[in-house]
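> Structure for the following, please:
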Amino acid sequence: MVFNYILRSLRGTNLEVFKFGMYLAFPIGYMYYFGTNLENRFSVRGFWPTQEQSHKIPFEKDELEAEVQRIRENMKRQNEWKAAQAQAAAASSDQQQQQNPSP
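Have a look, this model is predicted:
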């Protein structure tokens with residue numbers, strides 16, 4: 001009975017007004033649902049590092065110098081490792097050429 005009344009009343013202009021209301025209501029409803037209480041609904045505990053787990057930025061001169069020295073030593077080790085890898089690759093290619101000389 002109520003369904004027939006709704007079908008009879010939603011004709012012509014009333015149907016267009018109802019559709020327009022739905023077009024507005026659904027996006028606003030989604031934005032309200034997903035936009036409220038975000039901290040509790042969609043948060044993952046332990047995702048962001050704590051203050052103790054994050055990097056400490058040095059501000060004092062001696063801390064800065066120690067950090068620069070650590071970075072330089074790290075770069076020096078990386079360069080030495082790359083040079084050793086290149087030397088090993090060159091030695092292996094020389095060894096292969098000695099074993100298989102081209103005619």
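> helix or strand for Q95, which one?
Assignment of secondary structure by DSSP states H and E places Q95 within helix 61-99.
> and that helix, what other elements does it pack with?
Judged by 3 or more CB pairs under 8 Å, 6 or more residues apart in numbering; DSSP states H and E, helix 61-99 has no packing partners among the helices and strands. For every residue, glycine as well, the C-beta is placed using N, CA and C.
> tell me the mean pLDDT for it?
In this model, helix 61-99 has a mean pLDDT of 91.
> Ok, stretch 37-45 next?
The model assigns stretch 37-45 a mean pLDDT of 76.
> what distance separates it from the centre of its chain?
Computed by CA atoms, centre = their mean, to the nearest Å, the chain-centroid distance of stretch 37-45 equals 17 Å.
> Then stretch 15-25?
38 Å.
> Ok, stretch 49-64 next?
23 Å.
> same question, stretch 25-44
The mean C-alpha position of stretch 25-44 is separated from the chain mean by 21 Å, CA atoms, centre = their mean.
> Show residues contacting that stretch.
For stretch 25-44, contacts defined as CB atoms under 8 Å, 6 or more residues apart in numbering pick out no residues.
> what distance separates the start and the end of it?
30 Å (CA to CA, to the nearest Å).
> Same question for stretch 32-42.
14 Å.
> Stretch 46-60 now?
30 Å.
> now do stretch 31-43
17 Å.
> Would you mind splitting this protein into its domains for me?
1-36, 59-95 (automatic domain parsing).
> Thank you, goodbye.
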